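1. Sequence and computational prediction follow.
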There are 2 protein chains.
Amino acid sequence: MRGAHALLHTLVDGGVDVCFANPGTSEMHFVAALDGVPAMRPVLTLFEGVATGAADGWGRMTGRPASVLLHLGPGLGNGLANLHNARRAGTPVVTVVGDHSTAHKVHDAPLDSDIDSVAGTVSRWVRRSATAADVGPDTASAVAAALGPPAGIATLILPADASWDDGAAPARVEPTAAAGRGALDADTLEAAAKALTGGEPCVLLIGSDAALADGARAAARIAAATGATLLAETFPSRSERGGGLPAVPRLSYVAAAARRQLDGAAHIVLAGARSPVAFFGYPRQSGDLLPEGCDVVTIAEKYGPASTALQALADLVAPGTRAPAGPAGRPALPTGELTGASASAVIGALLPDGAIVVDEANTSGVGLGQATAGGPRHDWLTLPGGAIGYGMPAAAGAAVACPDRPVWCLAADGAAMYTISALWTHAREGLDVTTVVYNNAAYAVLRAELAQVGAEFTGDGSGAVARRLLDLDDPTLDFVRIAEGMGVPARRAETADQFADALRAAAAEPGPHLVEAMVPPVVR
Amino acid sequence: MRGAHALLHTLVDGGVDVCFANPGTSEMHFVAALDGVPAMRPVLTLFEGVATGAADGWGRMTGRPASVLLHLGPGLGNGLANLHNARRAGTPVVTVVGDHSTAHKVHDAPLDSDIDSVAGTVSRWVRRSATAADVGPDTASAVAAALGPPAGIATLILPADASWDDGAAPARVEPTAAAGRGALDADTLEAAAKALTGGEPCVLLIGSDAALADGARAAARIAAATGATLLAETFPSRSERGGGLPAVPRLSYVAAAARRQLDGAAHIVLAGARSPVAFFGYPRQSGDLLPEGCDVVTIAEKYGPASTALQALADLVAPGTRAPAGPAGRPALPTGELTGASASAVIGALLPDGAIVVDEANTSGVGLGQATAGGPRHDWLTLPGGAIGYGMPAAAGAAVACPDRPVWCLAADGAAMYTISALWTHAREGLDVTTVVYNNAAYAVLRAELAQVGAEFTGDGSGAVARRLLDLDDPTLDFVRIAEGMGVPARRAETADQFADALRAAAAEPGPHLVEAMVPPVVR
């Protein structure tokens, strides 16, 4: 058996049955082998960042790794930003990077580069298969490493000859020894209980799998019984919300606002979240958001099984407390002007039951959390890694993972342009993704950051040159045409009513749609 | 003076007066400083790969480095493929990667990653400025390192505090000691002369600056006087052609064809080119394209000043020989079916005097070299690094570098989608770029490679699953709509006549245009 066949069989046997691919010559044996392994679903993307972002979305929804097929070092480079995001989300991913054949490496051919070093910056596990016989066992190790715990990115570098040579066999994926990670420590739980019930102000900050339904319920029980302030991390990789689940407010992205949320806390209990730090450093400000003297108890590390720990803690401090019911009720459908806020209300009013929301709305997403908290049950994916351009790719992956659920992708215009060709994959695969692009013709978040960092303009003092680098209005992008050019039906909405109509029309018809929401920038 | 100001002044004083930028929060002080340094032209791109590709195009046309401004590790990742291409082209580039402030690095914030390791894979020089006071000298070193010789990529990692702190001053760029590189060695020239005149079959392979006018003329003199077979490397970074210059055929990308071109050679003389190797390795084939027993004489290393060496060699072996006149005359304008070949004839018939052609036409570019060799004087840029997605970005850079010259960008559909947002930058800057997208609805080159690597299909043997990963026809991309969505006027051409009309219309109007050429795939 050729190495490529052993690779595919090992992946499929290990539960990795989708491959987001942008292949090249060195991957042609992998591609050719796909016909013999119909259990593997290949999904073509036109850019590697779409493949890696899709794998992130797929992995977040399934808990299993997708595979990604990339062409040499430049392909890995193109996929790197969304692998960064997947790493920060704790998503399992098996990245397969094709390389030149071993004999060809000595020639330093035009496409040769140092794949191993680049892969090392995002991967928990990197290996280069030496021969076809190694491919099966290496692939099995890659899947196990990606699954963890903790889950993460495993990168298998596959020389073309290891793929095309005979002498390979599939291997079985053996779970890694969990190494005691996540085992509940009675002393730690006791310390957390003390922090929560000692009468001093306490914050309970949850993340990782604690943002799913069971964790959220346990956290809400704890908060109800102890009076602790319950917060979720700023960008949870996946939250379960709506349908009566407790609403968990998130720690603000804006450092000053986050400080206010944490102000006065004497203790913070962390469950699947890290001690809070600012997204960026600013002059004369500490990046550490913890109030001075605040004591930290970690009952579960980030990426660890935090939900179990939270439930044990709830049984300790809130044995008789039931999770309070979450908010119920959708916002009224607004009419008139379309703004980030009114768009949020429309989304809250219309979000379908069982939806998966992929949120890269950035500044235009104001009020989205509140507008949707009382609606039907849904999942919410955000951007823990901060590298914009994840939304439309992750939506593709989520839709492939959950073909029976509608996916709503909320994308800011600037962010959308990094990986815009994801729309073609939405069309090619007939995915039920409705993409909203908020067109405010600006990198609005950077306008805010420009003010925040305390930059002063020299020259004529107007900052006109700088501001033009943050504007997208000359020319203004037309996302309806762009989407149509990639095979996705699209409509423009200039009022809240048109926005609602467009979303309803998209929901009424299977397959991908795009709605361009013309909104004013939040920051001018 | 703040670090950011010192950086900009040092760049401009060192001849680096354009910055292709896709900034984020950690680069806001750089952005704010631009108003105070009007000699620096900032050019916004919507994706980092456009910025790095533009810097490649700019550097090839000017011989000076452009600067590129990237946001943290993910921004560098997005720009990596076109930095790879710039590295393989030997283009000088100063890459500035913003990082978190030094104090913030300890927090492992969401966007933190190992920038240094990634930068090291493409850069000849990497440094991280420790303080604002270091920024001036570090920038000067970066410019000097990028200029070389040999030219290459210098990456300056700029922590936000080094940018925002005071205490900086501009520094002067001191040329690096050329370290004897490129000095002519009499013995080597003598050995080359012997190889050329010894009566045995000899190939003269030129590249780097030897592909420019003076080098091509010297090479043609040598070939005329000695009977040597004159070839250029497969993908020269920049060639000067047309206007009576000698036509220099290129070594084929297809390994078997390249072998035929080199067949029988007893000697090969290399001037600015490497000993030829195949682009990819294939089963049971050597990647070394040299005929067995062929002796190699290198008169100038790749990236070195090869033109000078060639002229000295010409004076040795062809003292009385003048450079033969190149071909003259354009092809007749074809009518009827639009194919890669007829499109090449249309381009040959209409190419404007002084044009810069950025060639990423791939399989559709059949016959382009011949069709244009007898036309007016022009420059031709190709893809030495092989990472597709360089064309439209490099065209932007070439047009910024040479505002008085028309740029024709010839892009294959698959390649175009990697960095499609370059079109927006064409529009924003009003660049005189005419982009031809060959829409054959396939990764046609991969169809050829799939056959070439000897892959066999299992399953039903049809290879249907594999082939679908190489097809772009479900749905077919509509580049007219995509271009219009990004502010570039566009037309579709379905016949050779329509193609000619569209090119004429584009040439008649300043600013960017796109022509979608509907062609059948060369490989079915």
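-> It's in. Numbering: from 1, shown residues only, chains lettered A, B, ... in the order given.
2. Enumerate the positions of stretch A:200-209 that are buried.
-> Within stretch A:200-209, the residues that count as buried by 16 or more other C-beta atoms under 10 Å in any protein chain shown are A:Pro201, A:Cys202, A:Val203, A:Leu204, A:Leu205, A:Ile206, A:Gly207, A:Ser208, A:Asp209. (Glycine included, C-beta is placed from N, CA and C.)
3. which residues touch A:Ala154?
-> A:65, A:92-95, A:123-126, A:141-143, A:145-146 (C-beta atoms under 8 Å, 6 or more residues apart in numbering or on different chains).
4. Let's see that with 7 Å instead.
-> A:Val94, A:Thr95, A:Ser123, A:Arg124, A:Trp125, A:Ala142, A:Ala145, A:Ala146 (C-beta atoms under 7 Å, 6 or more residues apart in numbering or on different chains).
5. gap between A:His104 and chain B?
-> Distance, A:His104 to chain B, by C-beta to the nearest C-beta, to the nearest Å: 3 Å.
6. what do you get for A:Tyr253?
-> Distance, A:Tyr253 to chain B, by C-beta to the nearest C-beta: 10 Å.
7. which parts of the stretch 351-500 of chain A sit against chain B?
-> Near chain B, the residues belonging to the stretch 351-500 of chain A are A:384-387, A:417-418, A:420-421, A:424, A:427-428, A:446, A:449-450, A:453, A:455-459, A:463-466, A:469, A:474-475, A:477-479, A:481-482, A:484-487 when assessed by C-beta under 7 Å from any C-beta of the partner chain.
8. The contacts of A:Ala154 into CSV, with extra columns for distance to chain B, secondary structure and pLDDT?
-> Shown next, in CSV, are these (distance: C-beta to the nearest C-beta, whole Å; DSSP: H, G, I helix; E, B strand; the rest coil; pLDDT from 0 to 100):
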residue, distance to chain B, secondary structure, pLDDT
A:Val94, 18, strand, 98
A:Thr95, 13, strand, 98
A:Ser123, 11, coil, 98
A:Arg124, 13, coil, 97
A:Trp125, 16, strand, 98
A:Ala142, 21, helix, 98
A:Ala145, 19, helix, 97
A:Ala146, 19, helix, 97
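9. on that earlier part again, which one of the buried residues of stretch A:200-209 sits closest to chain B?
-> A:Gly207 (11.9 Å; C-beta to the nearest C-beta).
10. I'd assumed A:Glu233 was in contact with the closest one.
-> Yes - contact criterion C-beta atoms under 7 Å: A:Gly207 and A:Glu233 qualify, at 3.7 Å.
11. Domain parsing of chain A, as residue ranges.
-> Using automatic domain parsing, the domain ranges for chain A come out as A:3-164, A:186-317, A:340-518.
12. how about the residues of the stretch 101-250 of chain A near chain B?
-> When proximity is defined by C-beta under 7 Å from any C-beta, the stretch 101-250 of chain A lies next to chain B at A:101, A:103-104, A:107, A:109-111, A:113-114, A:117-118, A:120-121, A:160, A:164.
13. ok, now with 8 Å
-> Residues of the stretch 101-250 of chain A lying close to chain B (C-beta under 8 Å from any C-beta of the partner chain) are A:101, A:103-104, A:107-111, A:113-114, A:117-118, A:120-122, A:160-161, A:164, A:235.
14. Now, of the residues you listed, which are buried?
-> Counted by 16+ other C-beta under 10 Å, these give A:101, A:103-104, A:107, A:109-111, A:113, A:117-118, A:120-122, A:160-161, A:164, A:235 as buried.
15. Now list the buried members of the residues of the stretch 351-500 of chain A next to chain B.
-> Among those, those classed as buried by 16+ other C-beta under 10 Å are A:384-387, A:417-418, A:420-421, A:424, A:427-428, A:446, A:449-450, A:453, A:455, A:457, A:459, A:463, A:465-466, A:469, A:477-479, A:481-482, A:484-487.
16. Contacts only, for A:Val480.
-> By C-beta under 8 Å, 6+ apart, the contact set of A:Val480 is A:Ala490, A:Arg491, A:Arg492, A:Leu514, A:Glu516, B:Gly485.
17. can you tell me the helix or strand for it?
-> According to DSSP states H and E, A:Val480 maps onto helix A:479-485.
18. so how far is that helix off the chain centroid?
-> With C-alpha atoms, centre = their mean, to the nearest Å as the basis, helix A:479-485 stands 25 Å off its chain's centre.
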